[in-house]
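Participant: Quick one: sequence and predicted model below, then my questions.
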Amino acid sequence: MTEHLTHVTHPLVQHKLTLMRKSDTSTAVFRQLLREISQLLAYEVTRELPLTTEAIETPMQTMDAPVLAGKKLALVSILRAGNGLLDGVLELIPSARVGFVGLYRDEKTLKPVQYYFKVPTALEDRLVIAVDPMLATGNSSVAAIDLLKKAGATNIRFLCLLAAPEGIARMKEAHPDVPIVTAAVDERLNEHGYIVPGLGDAGDRMFGTK
């Protein structure tokens with residue numbers, strides 16, 4: 001995966017995203033759609049995982065069959081909204097190791113404030129997939145990637161549902177070596193740093209909070 005940005009245009013991804021954008025979509029349906037769409041996005045972000053082979057017995061004969069190579073990959077949720085993507089990806093890759101980065105956005109400065117960080121060991125030997133539904137200003141995402149690199153990660157990908165051009169540019173400037181996989185590139189950020197047209201606050205819609 002060499003492109004800095006991969007826009008997943010698969011019809012099922014786009015259809016489910018449209019349903020998620022609708023303001024009258026219920027919390028339960030929103031959460032279910034997020035789980036489904038995250039599995040489709042995970043398919044794309046893991047497309048180039050390294051493979052090796054092992055000898056197995058089929059009912060017919062012995063063969064050398066492909067299996068994933070190297071250490072288990074690490075999924076890192078940027079709290080709290082990242083957990084919605086995490087759940088779906090974990091269903092697809094249940095053996096993955098899981099980490100959490102706790103950041104909240106100061107509404108006055110729009111800058112990220114860290115409150116939690118717990119990640120798997122040996123990040124330098126793992127593919128690390130950071131997940132957060134929204135890439136808005138990019139400040140929280142850049143801060144999360146900064147922390148992961150300090151913890152040893154060298155092979156990182158960023159998975160999100162929606163991205164704003166401002167966030168993409170910010171990530172490319174700060175971390176040009178981290179590919180972004182997203183379902184949509186929206187128009188812009190509004191004066192409050194929210195993605196437009198967007199889908200509102202992903203965390204609030206996922207957990208039924210305001």
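Facilitator: Perfect, I can see it now. Residues are numbered from 1 along each chain as shown.
Participant: Need the mean per-residue confidence for stretch 108-119.
Facilitator: Averaging pLDDT along stretch 108-119 yields 86.
Participant: Span of it from start to end?
Facilitator: 29 Å (C-alpha to C-alpha, to the nearest Å).
Participant: so how far is that stretch off the chain centroid?
Facilitator: 17 Å (C-alpha atoms, centre = their mean, to the nearest Å).
Participant: ditto for stretch 118-138
Facilitator: 8 Å.
Participant: and that stretch, how far apart are its ends?
Facilitator: Start-to-end span of stretch 118-138 (C-alpha to C-alpha) is 21 Å.
Participant: which parts of it are buried?
Facilitator: Going by neighbour count (16 or more other C-beta atoms under 10 Å), the buried part of stretch 118-138 is 119-120, 123, 126-138. Backbone N, C-alpha and C define where each C-beta goes, glycine included.
Participant: mind listing what the residue lying closest to residue 66 once chain neighbours are set aside touches?
Facilitator: Nearest non-adjacent residue to residue 66, counting by C-beta to C-beta, 6 or more residues apart in numbering: residue 51, 4.6 Å away. Contacts for residue 51 (C-beta atoms under 8 Å, 6 or more residues apart in numbering) come out as 66-69.
Participant: and of those, the nearest to residue 176?
Facilitator: Of all the contacts of residue 51, residue 176 sits closest to residue 69, with 25.9 Å by C-beta to C-beta.
Participant: show me what contacts that closest one?
Facilitator: Counted by C-beta under 8 Å, 6+ apart, residue 69 has contacts 49-52.
Participant: and the residue lying closest to residue 3 once chain neighbours are set aside, how far is that from residue 208?
Facilitator: The shortest distance from residue 3 to any non-neighbouring residue, by C-beta to C-beta, 6+ apart, is to residue 179 (6.4 Å). Noted for residue 179: a distance of 32 Å to residue 208, by C-beta to C-beta, to the nearest Å.
Participant: These two - which one has more neighbours?
Facilitator: Taking other C-beta atoms under 10 Å, residue 179 and residue 208 do not tie; residue 179 has more neighbours (19 against 11).
Participant: I figured the more buried one hits residue 158, correct?
Facilitator: Yes - with contact defined as C-beta atoms under 8 Å, residue 179 and residue 158 form a contacting pair (7.1 Å).
Participant: Double-check that residue 95 belongs to a strand.
Facilitator: No - assessed by DSSP: H, G, I helix; E, B strand; the rest coil, residue 95 does not belong to a strand; its assignment is coil.
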